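Peer 1: When you get a sec, could you give me coordinates for this:
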Amino acid sequence: MSVISFLHPVGKSTIKQGMTVPKSAQSGWLKRIKKGEKVPVTICFGENRKVTAWLRRIDNAVGHLQFRYESRQQEELRTYLAESFPESQDKNAGILEVVEAGDRVFAFRPMPSRERDRPRLTLYRPIFNRLSEEDAEQIPESKGIKRVLTAVSYDAQCGQREYNQRIACAFLEDGWNKEARILKEIGLRTDFEKNGVWVEVEFGNARAYYQDYIKFMLAHRYSSARCGVLLCPTASLAHMLCELGRQRASAKRGGVHRKPPSYSGMMTYEKAAREFPFLDFLFTKRMIVGGLHFTSNETDL
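Peer 2: Now for the predicted structure:
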């Protein structure tokens, strides 16, 4: 059973009232909450603190699902959020990570945008194939991927395309080759390459990522690759980007009566990690599969 998790940009309403759960994050029992129904949940925050709040499905055409914590009973949570995000008036105040921690229990994890602890991209739970974590540390290029990613900080105005561009700039500034050709006869290119380490950053369709593995196998066979690295957004990050994409598309169309566009097919690290053991027999060379996730704490490769 998959864990429900998502990232939510923080604004004034997040501090004072609640927030909407992205449509793409509504799996499992969340999908079964009916319009007009509200379900009690426990929200954990800070150092072993918790309050009872509500998950409510609004009885409107869209049927938004929202966390609500605006009563006196949840004042402690609101105070905690206000203290965690003192710049909540700012559209770039930061993000709140919401993770299902148990049966109808959710953990709220603030990532404020203060300069000293601004959320930055990090390499999330890398999977190592045909090499150990210690082996990866001995390859300067693979070890340096973490440094490249942390150059990309959270920006509330950025969507999938903008983050792709910022990641590309970070790799280029670190001396990586962009759109490197793997094999002249076929014309396939990978996103980035440096001294035999080939990297694919996959925000695309969940079915398209299998081609990334083909690229790595060809790079090993014909271009003497030392290692292939696949980077995909975590489900939490994908939910946030999909929701922003939906909002942008709806605003561009300018029509509230049409069915809102769907953004649920983005590739995720969780999908790659879940499928990797079944594909392992295909991969005879070195490969790393890692997630892209925002965090205020650095994580080592």
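Peer 1: For residue 42, give the beta-bridge partners.
Peer 2: residue 52, residue 105 (DSSP bridges).
Peer 1: for the worst-scoring helix or strand of the chain on mean pLDDT, which positions count as buried?
Peer 2: Lowest by mean pLDDT, DSSP states H and E among the helices and strands of the chain is helix 235-253, with a mean of 84. Of the residues in helix 235-253, 235-246 count as buried by neighbour count, 16 or more other CB atoms under 10 Å. Heads up, the C-betas are built off the backbone N, CA and C, glycines and all.
Peer 1: do stretch 73-92 as well
Peer 2: 74, 77-78, 80-81, 84-85, 88, 92.
Peer 1: which residue sits farthest out from the middle of this structure?
Peer 2: No residue in the chain sits farther from the centre than residue 185, which is 35.3 Å out by CA atoms, centre = their mean.
Peer 1: quick one: that one and residue 92, what's the gap?
Peer 2: Distance of residue 185 to residue 92, given as CB to CB, to the nearest Å: 47 Å.
Peer 1: cool, and residue 119?
Peer 2: To residue 92, residue 119 is 10 Å away according to CB to CB.
Peer 1: Also residue 240?
Peer 2: 14 Å.
Peer 1: Could you do residue 295 as well?
Peer 2: Going from residue 295 to residue 92 by CB to CB gives 17 Å.
Peer 1: Also residue 241?
Peer 2: Distance, residue 241 to residue 92, using CB to CB: 16 Å.
Peer 1: for residue 291, same thing?
Peer 2: The gap separating residue 291 from residue 92 is 23 Å, by CB to CB.
Peer 1: re earlier: quick one: pLDDT of the residue farthest from the centre of the chain?
Peer 2: pLDDT recorded at residue 185 is 90.
Peer 1: for the one 3 residues further on, same thing?
Peer 2: Among the per-residue scores, residue 188 holds a pLDDT of 90.
Peer 1: List phi and psi for residue 288.
Peer 2: Main-chain dihedrals, residue 288, degrees, to the nearest 10: phi -130, psi 130.
Peer 1: hey, what's the closest residue to it other than its chain neighbours bridged with?
Peer 2: Nearest residue to residue 288, sequence neighbours excluded (CB to CB, 6 or more residues apart in numbering): residue 229, at 4.7 Å. Taking DSSP bridges as the rule, residue 229 bridges to residue 199, residue 288.
Peer 1: Could you number the chain from 23 rather than 1 from now on?
Peer 2: Sure thing, new numbering starts at 23, so read that last one as residue 251.
Peer 1: number of nearby residues for residue 155?
Peer 2: Residues lying near residue 155 (other CB atoms under 10 Å) number 11.
Peer 1: Below-threshold pLDDT in the stretch 123-272 of the chain: ranges please.
Peer 2: For the stretch 123-272 of the chain, applying pLDDT under 70 flags the ranges 137-139.
Peer 1: Run through the helices of it in chain order.
Peer 2: Using DSSP state H, counting those that start in this stretch, the helices found in the stretch 123-272 of the chain span residues 155-159, 162-171, 182-195, 232-244, 257-275.
Peer 1: Now tell me what touches the strand or helix carrying residue 100 from outside.
Peer 2: Using DSSP states H and E, residue 100 sits within helix 97-106. Contact with helix 97-106 is made by 32, 36-38, 65, 67-68, 71, 73, 75, 91-92, 110, 116, 118, 130, 132, 134, as judged by CB atoms under 8 Å, 6 or more residues apart in numbering.
Peer 1: let's see it at 6 Å
Peer 2: Defining contact as CB atoms under 6 Å, 6 or more residues apart in numbering, one finds that helix 97-106 is touched by 37, 67-68, 73, 91, 132, 134.
Peer 1: which ones are touching residue 157?
Peer 2: With CB under 6 Å, 6+ apart, residue 157 has no contacts at all.
Peer 1: let's go with 8 Å and repeat that
Peer 2: Going by CB under 8 Å, 6+ apart, residue 157 touches 150, 308.
Peer 1: buried set for stretch 52-68?
Peer 2: 55, 61, 63, 65-67.
Peer 1: Just the endpoints, please. Distance across it?
Peer 2: End-to-end span of stretch 52-68 (CA to CA, to the nearest Å): 24 Å.
Peer 1: Stretch 34-52 too?
Peer 2: This stretch, stretch 34-52, spans 25 Å end to end (CA to CA).
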